[in-house]
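Trainee: This is the structure alone, sequence omitted:
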């Protein structure tokens with residue numbers, strides 16, 4: 001068995017966060033989980049007397065994050081792995097969606113994750129070890145109509161993860177962006193924020209996608225417990241991946257995107273090369 005580690009996982013009340021916390025504890029690790037309420041904290045800590053530690057923290061409360069991390073380091077122990085799991089999906093055609101909705105989507109999915117990373121890095125850097133896992137989405141590689149703000153946030157987190165990984169690799173810190181496909185979580189259900197429809201011109205392209213997503217919710221291909229085990233395999237790896245896709249749907253769609261991108265690059269190669277001085 002791999003050495004026992006302390007994992008800090010944001011958003012452990014449900015979905016990937018809860019599944020990973022449970023699998024990690026079953027594997028002998030200690031988990032500090034962030035939750036949004038005192039009741040959720042009690043629920044989480046009831047899972048294990050010794051291994052489950054809850055902290056009430058909203059990842060958009062940027063001013064509170066540093067002190068919470070310092071307190072965990074002091075009272076629980078050195079954070080070996082940060083898992084940025086807290087996030088939500090926003091569904092809405094771009095023209096119909098507000099900039100305030102975009103800002104909140106980025107505050108949670110991007111700025112919250114970045115603030116958590118900035119808070120743990122000084123400790124990991126001093127120890128010359130650590131692993132940051134950012135749960136992105138296949139929507140950080142591929143796009144579809146009607147989740148524009150969401151895809152934008154996940155593309156941003158993918159880019160931040162990859163660049164940070166290059167900055168900290170020589171300091172003994174690994175960064176992995178985990179991009180799940182469709183899983184049986186609350187993402188498409190109660191966790192999804194939806195902008196009301198207002199422009200009929202988008203009905204034909206968007207309504208079938210919204211309907212298919214609603215019908216598939218709860219019946220998705222992916223099993224969160226198996227996703228959790230895949231993440232634990234990455235955490236235990238000697239050389240963790242910079243990018244890890246989860247699910248055969250993510251694999252298929254991302255490969256199709258890369259093939260289409262390569263074809264387009266080739267089609268426009270002459271024009272691309274024409275700009276050299």
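Mentor: Here it is on my side, so go on. In this text the structure is predicted, and so the values were computed from the model without any measurement.
Trainee: all contacts plus neighbour counts: C-alpha atoms, from now on.
Mentor: Will do.
Trainee: so residue 92 makes contact with residue 147?
Mentor: Yes: here residue 92 reaches residue 147: they are 5.7 Å apart, a contact under C-alpha atoms under 8 Å.
Trainee: Quick one: the helices in the stretch 151-277 of the chain, in order.
Mentor: Secondary structure of the stretch 151-277 of the chain, counting by DSSP state H, counting those that start in this stretch: helices at 203-216, 224-236, 248-267, 269-273.
Trainee: Which of those has the highest mean neighbour count?
Mentor: Here the criterion is mean neighbour count by mean count of other C-alpha atoms under 10 Å, and of the helices of the stretch 151-277 of the chain the winner is helix 224-236, at a mean of 19.
Trainee: hmm, back to that, let's have the helices of the stretch 151-277 of the chain in a markdown table, adding distance to residue 32 and mean pLDDT.
Mentor: Output for those, formatted as a markdown table (distance: least, C-alpha to C-alpha, whole Å; pLDDT from 0 to 100):
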| stretch | distance to residue 32 | mean pLDDT |
| --- | --- | --- |
| helix 203-216 | 32 | 86 |
| helix 224-236 | 15 | 97 |
| helix 248-267 | 29 | 97 |
| helix 269-273 | 49 | 98 |
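Trainee: got the ones you listed as CSV, with distance to residue 194 columns?
Mentor: Compiled in CSV, the helices of the stretch 151-277 of the chain are given as follows (distance: least, C-alpha to C-alpha, whole Å):
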stretch, distance to residue 194
helix 203-216, 10
helix 224-236, 23
helix 248-267, 23
helix 269-273, 39
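Trainee: on that earlier part again, ok, residue 92 and residue 147, which is more surrounded?
Mentor: When residue 92 is set against residue 147 and neighbours are counted by other C-alpha atoms under 10 Å, the residue ahead is residue 92, at 23 against 20.
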